[in-house]
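Engineer: Below are the sequence and a predicted model; questions follow.
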Amino acid sequence: MEDTLTHLQQLESESIHIIREVAAEFANPVMLYSIGKDSSVMVRLAQKAFYPAPIPFPLLHVDTNFKFHDMYAFRDQFCKDIGAELRIYRNEEAIKAGTNPFELGTQKCCALLKTKALVDALRLGKYDAAFGGARRDEEKSRAKERIFSFRDEMGQWEPKNQRPELWNLYNAKINKGESIRVFPLSNWTELDVWQYIYKENIPIVPMYFAKEREMVVRDDMLIPLDGPIPLKKGEKPEKVMCRFRTLGCYPCTGAIRSTAKTVPEIIEEMMVVTISERSTRIIDHDTEGSMEIKKREGYF
Amino acid sequence: MKKGKTIEAFLKENEQKELLRFSSAGSVDDGKSTMLGHLLHDAKGVYEDQLASIRNASKQMAKGEIDYALFTDGLKAEREQGITIDVAYRYFSTPKRKFIVADTPGHEQYTRNMATGASTAQLAVILIDARLGVLVQSKRHLFISSLMGIPHIIVAVNKMDLVDYSEEVFTKIKKDFSAFARKLSIKDLRFVPISALVGDNVASRDKEHMTWYEGESLLELLENVYIGSDSNMVDLRYPVQYVLRPNLDFRGFCGQVASGVIKAGDEVMALPSGKRSRVKAIVTMDGNLDRAIPGQSVTVTLEDEIDISRGDMLVRPNNLPQIGRHIEATLIWMSERPMDPNGSYFIKQTTMTSRCRIDKIRYRIDVNTLHREKADHLELNEIGRVSIVSNRKLMYDPFDQNRATGSFILIDAITNNTVGAGMIIRRESADDAPGLNEQSGSDERLKRHPDAVGTAERRERLGQTPQTIWITGLVASGKSDLAYALEKEIFEKGGLAYVLDGEDMRLGLCKDLDFTACDKAEHIRRVAEAAKILNEAGVTAICAFVSPFKKARSQAAEIIGKERFKEVFVKASLEYCAKNDDKGLYKGAEDGSVKGLAGVNAPYEAPDTPWETFCPENEGKEACAFRIFEKLRKEGKL
């Protein structure tokens, strides 16, 4: 055995340390589970942190009702297989009112079904810490977020007034009603995540792998037809060999043309990839700095 | 070769990559963000559409050309103001290494952010503008990097294109900076001339403009610096983070190895309890390990059922950290709210959190000149030397030996904010007794009230020149017996004396103190101060204390005043003391249940030339008391 750890071993150990720190210091933590590949990795790290004991906190899925069918199926099977406690929260009021991105626009839809639902879920569950699978390499404003990221009573992030974070000494002190968002994957890159999935053989939603799917081709984007999508004139579904780089709500998540059917092939594709990950999420294109605005309001 | 095989070979190789965390310091004017942008860009760390959106943003700000700084200055406020105000973390990799960059702001008002970025770094890149040479701020960057214990420093002398790629300019900066660096403890310091704008010596070696430079490019240095020997593989420190009890048969102690190597079968000691056991297994979900090395998160089970909880530490019995409630540290103040010396703080060190107070601010360090200044508190971004007393015992090492067990943060108990970052200092001998070496009256607010009654008047009224009779000797040698006999002797002959003895002091004035080396020293300091007060009130003090160390006794003499400090040595054999001992301490020391008994399993340093010696095995205490009284009388003290 070598006297130094590889980068993946270091990342794994660091994440386990973070997850254990939360379990030790908070009364009522929860792990946000979004069904995506990063969530799969985060849950695996939580299993490792407490092995041979079960994960000592529940998983929480904030559901918009707009996720892909494959995602729901995967979620239920995955949680059953690993014996995790899954809690689901939805903004029923907004869902009943028929909130959708086509009429409201992506920003308002996200604000109601994601941000508000998340803040409400955390408040109602009285969670004092919530894990999220976000990585710093995903987006500009994430690069400056702490691993233990303080939220006030309204769930809001104050980027200019963050607690200093040194060494591996995380400050878990909060007052009642306040909470900490914790990002154990902060220092992982997309490549690290894929490499880890490969090495550890971690199950992920099949949508990440290429196959022929019914798509609407609009400009350069591939729009999936997982539910009702208002089509423009002359548009009709066609079969396209493609896969998803990120998973979100079906109206707002595009696919990419790809033939990558295995994890190594996905990684190989990534190495020569020319577009960054979140660009297939339509939501980020609204305005410059839109992620930062959403995060201030309480989005992950 | 088939395509599938190629990628698998790549993955195998990629999996073995090392990780290097580095911080970069310098201001925007030095071209730091440009340099990082170049590194990221050239290392293919930047995807094309990010490039496209940045081209967009550049246009909006009417900058025209690609502004590499826009890769790294993330927050809206920064993009608008064109400054880096917080630490931003960036990621890129080459076939050799994965890099995590903590990009930190360079201005003095962001010292705290710089320290934050430096805390996890193994290497620091410090940027210097070739046109300006070594500025105050470059020195500050080096000082903070060295303070935070970063083992490797690369000084990138930037904007070489603007000084005609002059070798003389580079050499002068190298010389100036090296001269300054010698004042600090820096293990590995290198220099590289670059032009971040043009890209010379950033990723690839420049072969056109600076042919006189024979070293590696910045990226090559980052790839090749040897980091294998940076971690401490010797001193096992395993702070227990979390205790797992899934069922009655399994009790696992989760933690991340802070330093040293833990092996299955090793004998370990749990601190602070001191209980010993052996490592039964090192458990992970991927199977049990034979050993775990620094940085590894594992779960340890032990052969014996001993009580261990979060905040405790597993170590090797023959290699202990410091244990105590007093620490000396360099502290960086990180809050807008200035330090309140009477405030209530938490200290978090390894996995232990305890209330603490700031006992003393010894001095503040001017981060630009390294000069020490008097201070009674610290403000945002100020660095000072402090002494801190924690409610719970801490297990720690000096920061320069062990970054993981020598570092701590302070948390404000009211606001919950992280307000300070500390590096524990090896206690120098002069610090054994906290506060001892402070000049009395060093705090300008504290001045002695002028005496209304003078020493001479007291002397005349009481008819004596008060002395301190300091009786030292082994436990149960008869110090107290002699002390009380002497008190009686003096009192009966018309003088005034008062006995201070160990048990009295421990029950009152010193009841908050422990039996650690540091607390014992503090105990002696307080006794000396009490004796001094008695003397100043005109009373002769008789102090009966083991006080095993010569240094502690001479420190006491300094407090009391050498002219009135009379050292009496009780010279008795161990057998005599053991026979005399009604508390069973000697017996305990023999069977190992009592530790630190002077003369048995801890040192006792007898005085070389005591003022008087009492041999209880040969004479009675009254006889000696009489001799001392006569001696004092002859000297005119009584």
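Structural biologist: Alright, I've got the coordinates.
Engineer: Look at residue 231 and tell me its secondary structure.
Structural biologist: No chain specified, so I'll use chain A. Here A:Leu231 is coil, with the state taken from DSSP: H, G, I helix; E, B strand; the rest coil.
Engineer: burial count for it?
Structural biologist: Neighbours of A:Leu231 under the rule other Cβ atoms under 10 Å in any protein chain shown: 13. For the C-beta atoms, the positions are set from N, CA and C on the backbone; glycine is no exception.
Engineer: Name the strands paired with the longest strand along chain A and say parallel or antiparallel.
Structural biologist: Ordering each strand of chain A by length in residues (DSSP state E) puts strand A:211-218 first. Using DSSP bridges, the strands paired with strand A:211-218 in its sheet are strand A:221-224 (antiparallel), strand A:238-243 (antiparallel).
Engineer: Of all the ones you listed, which one comes closest to A:Leu112?
Structural biologist: Nearest to A:Leu112, of all the strands paired with strand A:211-218, is strand A:221-224, at 21.7 Å by Cβ to Cβ.
Engineer: Now do that closest one, average pLDDT.
Structural biologist: For strand A:221-224, the mean pLDDT works out to 86.
Engineer: Show me where the stretch 201-300 of chain A dips below the pLDDT cut-off.
Structural biologist: For the stretch 201-300 of chain A, applying pLDDT under 70 flags the ranges A:272-300.
Engineer: Can you identify each of the helices in the stretch 151-300 of chain A by residue range?
Structural biologist: Here the stretch 151-300 of chain A has its helices, by DSSP state H, counting those that start in this stretch, at A:190-200, A:263-271, A:290-297.
Engineer: Now for B:Glu489: which residues touch it?
Structural biologist: By Cβ atoms under 8 Å, 6 or more residues apart in numbering or on different chains, the residues touching B:Glu489 are B:Glu622, B:Ala625, B:Phe626, B:Ile628, B:Phe629.
Engineer: which stretch of helix or strand covers the first one?
Structural biologist: What that stands for is B:Glu622. If you go by DSSP states H and E, B:Glu622 is part of helix B:621-634.
Engineer: just B:Gly287 next, same as before
Structural biologist: For B:Gly287, there is no host helix or strand (DSSP H and E).
Engineer: try B:Ile542
Structural biologist: Using DSSP H and E, B:Ile542 sits in strand B:540-544.
Engineer: which helices and strands sit right next to that strand?
Structural biologist: Packing contacts for strand B:540-544, counted by 3 or more Cβ pairs under 8 Å, 6 or more residues apart in numbering or on different chains; DSSP states H and E, involve strand B:468-473, helix B:479-492, strand B:497-501, helix B:517-536.
Engineer: wait, isn't A:Val216 in contact with A:Pro230?
Structural biologist: No - contact criterion Cβ atoms under 8 Å: A:Val216 and A:Pro230 do not qualify, at 10.2 Å.
Engineer: who has more neighbours, those two?
Structural biologist: A:Val216 (17 against 9).
Engineer: So what sits opposite the more buried one in the bridge?
Structural biologist: Per DSSP bridges, the residues bridged to A:Val216 are A:Ile223.
Engineer: OK, contacts around it?
Structural biologist: By Cβ under 8 Å, 6+ apart, the contact set of A:Val216 is A:Leu222, A:Ile223, A:Leu225, A:Ile229, A:Leu231, A:Glu235, A:Lys236, A:Pro237, A:Glu238.
Engineer: which of those are buried?
Structural biologist: Taking 16 or more other Cβ atoms under 10 Å in any protein chain shown as the criterion, what is buried in the contacts of A:Val216 is A:Leu222, A:Ile223, A:Ile229.
Engineer: Please export the C-alpha coordinates of stretch B:413-425 as CSV.
Structural biologist: Provided in CSV are the C-alpha atoms of stretch B:413-425 (Å, rounded to 0.1, in the frame of the first residue of the first chain):
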residue,chain,number,x,y,z
ALA,B,413,-21.0,32.0,21.6
ILE,B,414,-23.5,34.7,21.0
THR,B,415,-23.5,35.2,17.2
ASN,B,416,-22.3,31.6,16.3
ASN,B,417,-19.9,33.1,13.8
THR,B,418,-16.5,31.7,13.2
VAL,B,419,-14.4,34.6,14.5
GLY,B,420,-10.8,33.3,14.8
ALA,B,421,-8.4,30.8,13.3
GLY,B,422,-5.5,29.7,15.5
MET,B,423,-2.3,27.8,15.2
ILE,B,424,-0.9,26.4,18.4
ILE,B,425,2.6,27.3,19.3
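Engineer: so for that stretch, what's the average pLDDT?
Structural biologist: Computed over stretch B:413-425, the average pLDDT equals 95.
Engineer: tell me which residues of it are tucked away?
Structural biologist: Neighbour-count burial for stretch B:413-425 flags B:Asn416, B:Asn417, B:Thr418, B:Val419, B:Gly420, B:Ala421, B:Gly422, B:Met423, B:Ile424, B:Ile425 (criterion: 16+ other Cβ under 10 Å).
Engineer: so the third one makes contact with B:Ile411?
Structural biologist: Yes - in this structure, B:Thr418 sits in contact with B:Ile411. The criterion is Cβ under 8 Å, and the distance is 5.8 Å.
Engineer: shared neighbours of those two, anything?
Structural biologist: Contact with both B:Thr418 and B:Ile411 is made by residues A:Asn171, according to Cβ under 8 Å, 6+ apart.
Engineer: Name the nearest residue to the residue in the stretch 451-600 of chain B that chain A sits nearest to, sequence neighbours excluded.
Structural biologist: Here the stretch 451-600 of chain B gets closest to chain A at one residue, B:Cys518, 23.0 Å apart by Cβ to the nearest Cβ. Once flanking residues are discounted, B:Cys518 sits nearest to B:His326: 4.5 Å by Cβ to Cβ, 6 or more residues apart in numbering or on different chains.
Engineer: The strands paired with strand A:211-218: which one's closest to A:Val22?
Structural biologist: Evaluated with Cβ to Cβ, the strands paired with strand A:211-218 place strand A:238-243 nearest to A:Val22, the distance being 33.0 Å.
Engineer: CA atoms of the closest one as CSV?
Structural biologist: Extracted C-alpha coordinates of strand A:238-243, given in CSV (Å, rounded to 0.1, in the frame of the first residue of the first chain):
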residue,chain,number,x,y,z
GLU,A,238,-38.4,11.8,-34.1
LYS,A,239,-36.1,9.0,-32.9
VAL,A,240,-32.7,10.3,-31.8
MET,A,241,-29.8,8.4,-30.4
CYS,A,242,-29.1,10.4,-27.3
ARG,A,243,-28.6,10.5,-23.6
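Engineer: Next, the angle helix A:263-271 makes with it.
Structural biologist: Inter-element angle recorded for strand A:238-243 and helix A:263-271: 90 degrees (by axes from the mean of the first three to the mean of the last three Cα atoms, to 10 degrees).
Engineer: all strands for the stretch 1-150 of chain A, in order.
Structural biologist: A:29-32, A:59-63, A:86-90, A:129-131, A:148-151 (DSSP state E, counting those that start in this stretch).
Engineer: do the same with the stretch 301-450 of chain B
Structural biologist: Applying DSSP E, counting those that start in this stretch to the stretch 301-450 of chain B gives strands spanning B:313-315, B:322-333, B:345-349, B:352-365, B:372-373, B:383-396, B:407-412, B:418-424.
Engineer: what helices or strands is the fifth one leaning on?
Structural biologist: This points to strand B:372-373. For strand B:372-373, the packing partners by 3+ Cβ pairs under 8 Å, 6+ apart come out as strand B:352-365.
Engineer: For the strand it packs on, report the contacting residues that lie outside it.
Structural biologist: B:239, B:310-311, B:326, B:330, B:339, B:341-347, B:371-378, B:382-392, B:394-395, B:410-411, B:413, B:434-435, B:438.
Engineer: Check which residues of it are buried.
Structural biologist: Neighbour-count burial for strand B:352-365 flags B:Met352, B:Thr353, B:Ser354, B:Cys356, B:Ile358, B:Asp359, B:Lys360, B:Ile361, B:Arg362, B:Arg364, B:Ile365 (criterion: 16+ other Cβ under 10 Å).
Engineer: B:Gln122: which of the residues you listed is nearest?
Structural biologist: Scanning the buried residues of strand B:352-365 for proximity to B:Gln122, where the rule is Cβ to Cβ, the winner is B:Ile365, at 24.1 Å.
Engineer: Give the bridge partners for that closest one, please.
Structural biologist: When bridges are called by DSSP bridges, B:Ile365 pairs up with B:Arg372, B:Ile383.
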